[in-house]
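Participant: Mind looking at a prediction? Sequence and model below.
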Amino acid sequence: MIREPLIFEISEKGKRAYSLPEIDVPVKEDILRNLPLRSEIKGFPEVSEVEIVRHFTRLSRTNYCVDEGFYPLGSCTMKYNPKINEKVASILEFTVSHPYAPFDLVQGNLEILKTTEELLAEITGMDAFSLQPSAGAQGELLGMMLIRACLEERGNPRQIVLIPDSAHGTNPSSAHICGYRVQEIKSNEKGTIDADDLAQHMTEEVAALMITNPNTLGVFEADIKKVAEIVHSKGGFIYMDGANLNALIGVCRPGDMDVDVIHLNLHKTFSTPHGGGGPGAGPVGVKRELEPYLPVPVIEKKKNEYLLDFDRPKSIGRVRSFFGNFLVVVKALSYIFTLGPKGLKEVAEVAVLNSNYVRQSLKDDYHLKYTTSTYHECVFSDKFQKEFGVQNIDIAKRLIDYGVHPPTMSFPLIVPGALMTEPTETESKRDIDMFIDAMKKIAQEARENPEVVKSAPHTSYVRRLDETTAARNPVLRWQESQEIEE
Amino acid sequence: MSYISLSDKDKKEMMSRIGISSVEELFETIPEDIRLKRDLTVPEPLTEVELIHRFEKFAQANKYKEFLSFLGAGAYPHVIPFVVDYLSSRGEFVSPYTPYQPEVSQGTLQVIFEFQTLICQLTGMDIANASLYDGASGAAEAVLMAHRLKEKPKVLVPQTLHPQYQRVIRTYIKNLGIEIEMVGYTETGEIDIEDLKDKLDDKTSAVLVQSPNFMGVVEDIGKISDVAHSVEALAAVVVTEGVSFGILEAPGNLGADIVTGEGQSFGVPLSFGGPYLGFMSCSKEFIRQFPGRIAGETKDVEGKRGFVLTLSTREQHIRRERATSNICTNQALCALRATIFLETLGKEGLRELAWQNIQKANYTLEKLTQIKGIKRKFSGSIFNEFVIEFSGNLPKVEEGLGDKGIIAGLNLGEYYPELENCLLVCVTEMHGKEEIDNLAECLEAAV
């Protein structure tokens, strides 16, 4: 494959890739006189259109993606992204809408937002939704702010948030930005929250318990109602990280499990593409009690018109400008409309079937620390392979040689050497079997020829990269003085 | 329509390997009392053709497209070269996740590295991150970062910072012991330096300044930075209109310590407010407190150049509650669009684009202020937005224009009670002379 240089390295003075229309108003140079003008933008690229197209096309070909194959990145729900959703989101009336447009000129947009809020409320069993957060982490932050605002009004915002040791790193981080101290809850031998242990930690200084259900091990927290009762009895709230809703959709609803606040990831459960790391969307659903604190504006339907309500005295304010990632919401709504009630339930059923098929097929080759039954994902470890000096990172890199994206590595933290595997519902048996075969072959290689695994990948555009040096001597941008390599 | 790829035969084989006779057995650990015993109440499934019709119906309820609009205020209509849409819709960019496995993500990573370089070049700073959610949360992250660096409680925020950014900052800092004090503006529309000096003290972590500010006026970043530095506070510059970098001096060359803002102008459609992207850059001495993902250069075992996500010990998945931010992803696909846009426009193109914006906005300003009953509100130099004041009743004027299919700008009365009857007008390269003249004529008739 051609090694693609940085665009700055192929830039040459005077090249152009775009022509602007000639200016059609009288030009006045004196209006520039009082402005702090810059000389040239030093180092800024100058290339032709053909070079732009080749550059990005070549770069794109070095990426592995869902369109290409199996992508079992645990906790990320890398399902197929339906192409029709992209088409729908590219409708001109949506893309040219200005966010300050008078609301009577964007009734269609507001109807889309309101409809999605209502459908998400039905799907999760919550009472109201805000679509403002741009991502799951921002949803978490908003959710915790809502809890804090409600507790403050009751007279004491409290100090502590309880978080299981299996939780996503964003959970403690979001709680912290919300002004809380984090106390970790240890998982029991089944990999779930221990109700007795929780009861010991639960005091009237605890604002909330942040849970993920199914948790990051893929295990359903079956005691959820009991857990919720313990927390509620001391006046705390249950926050649910909805990252793993794909396992439950249409089967059961967080709202019916006494969850008070939930965030969803539209880019996981609702199929909007991950885009190489965003944009996603992290809507937040709440029970009635927390609704007054939702961010502004809230969309209301009065008679046949959609209105924006900014007059919400208890609102926490805003976590983002405008209405959040509107086009992401459009894609999620398109997905819900395409699947319908039966199709949504089938998502959970097949996601859990596929995951259990993978687990059953690989459980003799890879260690499972927790043997509790799992849902949409399961967490293997490198315990068997470590005997031969092969670690999870080696297994992950070797999978690349077999044409499969590696699972999530080293998470959750409670499983040393974790390989967190989530096949999702959209995969064919043929692609899943290809993964299973590759994993079995790697297990065999680890026993018989560990070096080939430890030195992987062998076939990729670049081989194993030196991440330590990257962090120790950070080079974070191209500089003019840098010479073209090779 | 469903996106399941298993045949009945597949399912049978898989269930047989698992040792179950029905899929329901896999859900056994969910207690009976929390199961949903009915279908979800969501509409019955639509086919592709029906789906398009359904969304076209939503689209038809939007009338905005038919209007000649001069709205800006943090979201700007600009040219989007066709290659931006074409290249950014490649599945290899759209359908992967965060480049956790760099060996199969070099495309995404090199794009981020180029994006970081472009942002550094535009802002005149040393380092930039892979992008944030939007300009407003970027401004909030800048406040949190300054507070971590200086550990002082106060941050000064100008009234001429985008009102929604103000609100987001207030929301983010509410539980962190940071106080916000507002700084006023003068009749030039610039930040009131005297007011700034009065409010500045040794408890101040940072001074924020937006330039061009919400009134469209270009600020004296050099002077404001000097004032901030006099008490060792950081100067954090917020830019909502990125195209201005094409012609205005880089804030980094004027003393800014942090430069953050909205990147929507770089090839991202208006899209009713999102998805957009925030950008952020700073001096390299602050790197340990810098939020968000960062790509860095390295080598593989054969010595070939490659890129990786780096300095992740600042981030939540390693540091958990002690992370510099709770942000997990960036807005990669929007940052890709911005990268393609900036590289396509190129050095001369971006400059010319910025220059056209200044020319057109000034032409419009002159034209509109010749109308009796309309005067220029602020005397400061502008980029592509300006404020005009109406002697008569503005809502009535707006109504009259609306009948002619024109939105002349954003009525500021709602956001600034003292600016009742003031309109924020935005003119970009997208507005032709004919349209501008049409605006002037209709305004003259409506005033």
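Facilitator: That came in fine, so what should we check first?
Participant: low-scoring stretches of chain B, by residue?
Facilitator: Along chain B, no part satisfies pLDDT under 70.
Participant: So for whichever helix in it runs longest, what gets flagged as buried?
Facilitator: When chain B is scanned for its longest helix (criterion: DSSP state H), the result is helix B:332-369. Residues B:332-365, B:367-368 are the ones in helix B:332-369 that count as buried (16 or more other CB atoms under 10 Å in any protein chain shown). Placement of C-beta: from N, CA and C, glycine included.
Participant: From the contact counts, what lies against that helix?
Facilitator: helix A:49-60, helix B:82-88, helix B:91-94, helix B:106-123, strand B:374-376, strand B:385-390, strand B:422-426, helix B:433-446 (3 or more CB pairs under 8 Å, 6 or more residues apart in numbering or on different chains; DSSP states H and E).
Participant: Give me the spatial nearest neighbour of residue A:212, chain neighbours excluded.
Facilitator: Excluding its sequence neighbours, the residue lying closest to residue A:212 (CB to CB, 6 or more residues apart in numbering or on different chains) is residue A:241, at 4.2 Å.
Participant: unless I'm mixing things up, the one you found is touching residue A:164, no?
Facilitator: No. Using CB atoms under 8 Å, residue A:241 is not in contact with residue A:164, being 10.2 Å away.
Participant: Who has more neighbours out of the two?
Facilitator: With neighbours defined as other CB atoms under 10 Å in any protein chain shown, residue A:241 and residue A:164 compare such that residue A:241 has more, 27 against 24.
Participant: and the longest helix of chain B with helix A:49-60, angle?
Facilitator: For helix B:332-369 against helix A:49-60, the angle between stretch directions is 140 degrees (axes from the mean of the first three to the mean of the last three CA atoms, to 10 degrees).
Participant: and helix B:332-369, how far from the chain's centre?
Facilitator: Chain-centre distance of helix B:332-369: 15 Å, with CA atoms, centre = their mean, to the nearest Å.
Participant: quick one, that helix and helix B:433-446 angle?
Facilitator: 50 degrees.
Participant: Please tell me how far stretch A:111-125 is from the chain's geometric centre.
Facilitator: 20 Å.
Participant: pLDDT on that stretch, on average?
Facilitator: In this model, stretch A:111-125 has an average pLDDT of 98.
Participant: got the helices and strands packed on helix B:332-369 as a markdown table, with mean neighbour count and distance to residue A:99 columns?
Facilitator: Shown next, in a markdown table, are the helices and strands packed on helix B:332-369 (neighbours: other CB atoms under 10 Å in any protein chain shown; distance: least, CB to CB, whole Å):
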| stretch | mean neighbour count | distance to residue A:99 |
| --- | --- | --- |
| helix A:49-60 | 19 | 28 |
| helix B:82-88 | 19 | 20 |
| helix B:91-94 | 22 | 23 |
| helix B:106-123 | 27 | 23 |
| strand B:374-376 | 16 | 26 |
| strand B:385-390 | 24 | 15 |
| strand B:422-426 | 24 | 13 |
| helix B:433-446 | 17 | 21 |
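Participant: quick check: domain ranges of chain A?
Facilitator: According to automatic domain parsing, chain A comprises the domains A:7-60, A:84-338, A:346-470.
Participant: winner for burial among the ones you listed?
Facilitator: Mean neighbours per residue, mean count of other CB atoms under 10 Å in any protein chain shown, is largest over the domains of chain A for domain A:84-338, with a mean of 22.
Participant: start to end distance for it?
Facilitator: 10 Å (CA to CA, to the nearest Å).
Participant: Please apply the same query to stretch B:153-161.
Facilitator: 20 Å.
Participant: Just the pLDDT at residue A:482, thanks.
Facilitator: So residue A:482 comes in at 52 (pLDDT).
Participant: wait, what's in contact with residue 368?
Facilitator: In the absence of a named chain, this looks at chain A. Residue A:368 makes contact with A:359, A:378-381 under the criterion CB atoms under 8 Å, 6 or more residues apart in numbering or on different chains.
Participant: you looked at the wrong chain, it should be chain B
Facilitator: Taking CB under 8 Å, 6+ apart as the test, what residue B:368 contacts is B:374, B:388, B:425, B:439-440, B:443.
Participant: same thing with residue B:373?
Facilitator: B:390-392, B:447.
Participant: Next: residue B:149.
Facilitator: Taking CB under 8 Å, 6+ apart as the test, what residue B:149 contacts is B:205, B:234, B:286, B:289.
Participant: So what sits opposite the second one in the bridge?
Facilitator: Beta-bridge partners of residue B:234, counted by DSSP bridges, are residue B:206.
Participant: Touching, it and residue B:152? I think so.
Facilitator: No. The pair residue B:234 and residue B:152 fails to qualify as a contact (CB under 8 Å) at a distance of 10.1 Å.
Participant: So is the one helix or strand residue A:440 maps to next to chain B?
Facilitator: Assigned by DSSP states H and E, residue A:440 falls within helix A:429-448. Yes. Shown here: helix A:429-448 in contact with chain B (CB under 8 Å from any CB of the partner chain) through A:429, A:431.
Participant: tell me the contacts of residue B:315?
Facilitator: Residue B:315 touches A:169, B:293, B:323-325, B:328, counting by CB under 8 Å, 6+ apart.
Participant: could you dump the residues you listed to TSV with secondary structure?
Facilitator: Listed next are the contacts of residue B:315 as TSV, based on DSSP: H, G, I helix; E, B strand; the rest coil:
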residue	secondary structure
A:169	coil
B:293	coil
B:323	coil
B:324	coil
B:325	coil
B:328	coil
